[in-house]
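Chemist: After the sequence you'll find the predicted model.
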Amino acid sequence: MLNWQMVKSLTHVQIGAFLALLIVAVMPNFGLKYGVSPALPAALLALLGGWLVWKQRSALFETTAVRRLTAIFALLLVPVLISIPTSYDIRYSSSVAGALIVYYVAGLALVHVLRGDAERAWLAKWILFVLAFWVADSIVQYIFKTDLFGITITTDNLRVLGPFKNTLRQPTLIALLLPIALWFLLRKGTIPTLAFFVVAGFVAMLGGVRMVFVMLMIVAIGLYLKLPRWRWKLPSLLLAIALLLTATSLSPPMQLRLQRMSEIRDFNFETINLPLGYRPVIWETASHMLIARPLTGIGAGAFAKAYDDFSTRESDVFRGGVGEKVYHAHQAYFSMAAETGWTGLISLIVAIGLCVKWYRAASPGRRDQAWPYALGLIAYFFPLNTQPPLYHGNWLFPAILLLFATLLAALDGETSRKDTNMP
């Protein structure tokens, strides 16, 4: 039975930390059956952020983390606003601008409630448990062809996706959030850290998403540099590479793609288009959008509506709605350039540069606290990734917001909080 006195004693910091965890916990799409998605805890965090603005007013904006959050969101929002008047989809572009404002207020709550080292340690511990559950569920699915929720392996027996039915989100999310779990486990010892990386990375690769291999290699390099003893470093990196390659060999989609790449004899646009999942033709079309509208782009989130007007190849399988529809550019930088022009692309690069500057300027202790969130963001923003763009879907941006806000909170954090006692 719920203890009402316990509920009444909860502080806003504890509530905010729980909502931060909930962003991750509700990621599996079986939650959509009950109307739950990461947008819900993000919206509740926005309400908490609005309450903090009302209660603390100017004092809230005196903290370094909040000022930095404001600067980054301004860099993201202004190009979106500029793109609205000439957008191919004014309504959607306007909704992107509105969503950014809501997420900014949610970010205010996150940087406030997660400034304490104790709160971030609590969050990291429970994110580890969530990832461990996804991994265990996926292993059950791999062995028995159905997981604990009755979700079967994909109908063509190609992908292991755990509780994420009919989506490719799990491999990406594991790669993004894995550094948080590893950071927590490093406090327990090197062996459990390496063991979890191997198992979680193995499961992520069974999802058959090519970019996840690159993301996991970035995480592996980050872990290699973080390991405390040199005797662990090289063997650990080699083991990680070997296990990821083994998982790749066990994933039929990855085998098919590698086979297609090995069959290429003459490297040109047409021969690499199919092995790369038709990404080159999408990027080419995105470049046409940037050339046609260099300042504003075709509008934030309007990629799908504008696609046919800028596609020039007769062989384009996405053109005219004949085949699969393409909703975004399948790469963060191409997407930002196509949808918000040079204004948006340069703003994104400046935002990343500022984060790097702030991280490098922090003390070693603050960098250690911020390391897992920085590594997750590096894995996402690494230019060679064909990652989902920021402004598409209601699952990715909350995850990126969580990493980014917690990064800022850790860089400007404190060793303890007076108003909380995380269990």
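Modeler: Nice, I can see it.

Chemist: Next, the residue lying closest to Tyr373 once chain neighbours are set aside: secondary structure please.
Modeler: In this structure, Tyr373 finds its nearest non-sequential neighbour in Leu407, 3.9 Å apart by C-beta to C-beta, 6 or more residues apart in numbering. Where C-beta positions appear, they are placed from N, C-alpha and C, glycine not excepted. The assignment at Leu407 comes out as helix when based on DSSP: H, G, I helix; E, B strand; the rest coil.

Chemist: Can you pull the poorly scored residue ranges out of this protein?
Modeler: Within the chain, the ranges that satisfy pLDDT under 70 run 1-9, 29-36, 155-157, 230-232, 247-276, 321-323, 415-423.

Chemist: Export stretch 58-77 to PDB, keeping only CA atoms.
Modeler: Once side chains and other backbone atoms are set aside, the C-alpha atoms of stretch 58-77 remain, and they are given as PDB (Å, rounded to 0.1, in the frame of the first residue of the first chain):
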ATOM      1  CA  SER A  58      16.300  35.200 -11.400                       C
ATOM      2  CA  ALA A  59      18.200  33.100  -8.900                       C
ATOM      3  CA  LEU A  60      17.700  30.100 -11.100                       C
ATOM      4  CA  PHE A  61      19.400  31.800 -14.100                       C
ATOM      5  CA  GLU A  62      22.400  32.800 -12.000                       C
ATOM      6  CA  THR A  63      23.800  29.200 -12.200                       C
ATOM      7  CA  THR A  64      26.400  28.500 -14.800                       C
ATOM      8  CA  ALA A  65      24.600  25.300 -16.000                       C
ATOM      9  CA  VAL A  66      21.300  27.200 -16.700                       C
ATOM     10  CA  ARG A  67      23.000  30.000 -18.600                       C
ATOM     11  CA  ARG A  68      24.800  27.400 -20.700                       C
ATOM     12  CA  LEU A  69      21.600  25.500 -21.300                       C
ATOM     13  CA  THR A  70      19.900  28.700 -22.400                       C
ATOM     14  CA  ALA A  71      22.700  29.500 -24.800                       C
ATOM     15  CA  ILE A  72      22.600  26.100 -26.500                       C
ATOM     16  CA  PHE A  73      18.800  26.100 -26.800                       C
ATOM     17  CA  ALA A  74      19.000  29.600 -28.300                       C
ATOM     18  CA  LEU A  75      21.400  28.300 -30.900                       C
ATOM     19  CA  LEU A  76      18.900  25.500 -31.700                       C
ATOM     20  CA  LEU A  77      15.700  27.500 -31.600                       C
END
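
Chemist: Now for the closest residue to Tyr104 other than its chain neighbours: which residues touch it?
Modeler: Residue nearest to Tyr104 in three dimensions, not counting chain neighbours: Phe73, with 4.4 Å by C-beta to C-beta, 6+ apart. Phe73 makes contact with 100, 103-104, 107, according to C-beta atoms under 8 Å, 6 or more residues apart in numbering.

Chemist: which is the next helix or strand following the helix or strand harbouring Phe73?
Modeler: Counting by DSSP states H and E, the secondary-structure element that holds Phe73 is helix 64-83. Per DSSP H and E, helix 64-83 leads on to helix 90-113 as the next helix or strand towards the C-terminus.

Chemist: Test my guess that the residue nearest to Tyr373 contacts Trp371.
Modeler: No - shown here, Leu407 and Trp371 do not form a contact pair, counting by C-beta atoms under 8 Å, at 9.3 Å.

Chemist: And the two? Which one has more around it.
Modeler: Counting neighbours by other C-beta atoms under 10 Å for Leu407 and for Trp371 shows that Leu407 has the greater number, 26 against 21.

Chemist: now that one: how far from Ala362?
Modeler: Distance of Leu407 to Ala362, computed by C-beta to C-beta, to the nearest Å: 10 Å.

Chemist: ok, now Val350?
Modeler: With distances taken as C-beta to C-beta, Val350 is found 19 Å from Ala362.

Chemist: These two: who's more crowded?
Modeler: When neighbours are counted by other C-beta under 10 Å, Ala362 comes out ahead of the other of Val350 and Ala362, with 17 against 13.

Chemist: List the buried residues in the top helix by length along the chain.
Modeler: When every helix of the chain is counted residue by residue (DSSP state H), the longest turns out to be helix 332-361. Of the residues in helix 332-361, those with enough neighbours to count as buried (16 or more other C-beta atoms under 10 Å) are 332-345, 347-348, 351, 355, 358-359.

Chemist: Can you list the helices and strands that it packs against?
Modeler: For helix 332-361, the elements it packs on are helix 64-83, helix 279-292, helix 303-310, helix 364-381, helix 396-411, judged by 3 or more C-beta pairs under 8 Å, 6 or more residues apart in numbering; DSSP states H and E.

Chemist: Any chance of CSV for those, columns distance to Ala17?
Modeler: As requested, these are arranged in CSV below (distance: least, C-beta to C-beta, whole Å):
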stretch, distance to Ala17
helix 64-83, 15
helix 279-292, 38
helix 303-310, 35
helix 364-381, 15
helix 396-411, 10
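
Chemist: Which among the ones you listed is found nearest to Leu123?
Modeler: The stretch from the helices and strands packed on helix 332-361 with the least distance to Leu123 (C-beta to C-beta) is helix 396-411; that distance is 7.4 Å.

Chemist: sorry, back to before: now flag whichever of the contacts of Phe73 is closest to Val78.
Modeler: Within these, distances to Val78 taken as C-beta to C-beta reach their minimum at Leu100, with 10.1 Å.

Chemist: shouldn't the closest one be in contact with Val78?
Modeler: No - counting by C-beta under 8 Å, Leu100 sits too far from Val78 to count as a contact (10.1 Å).

Chemist: Which of the two has more residues huddled nearby?
Modeler: Set side by side, Leu100 and Val78 show unequal neighbour counts under other C-beta under 10 Å, the larger going to Leu100 at 20 against 15.
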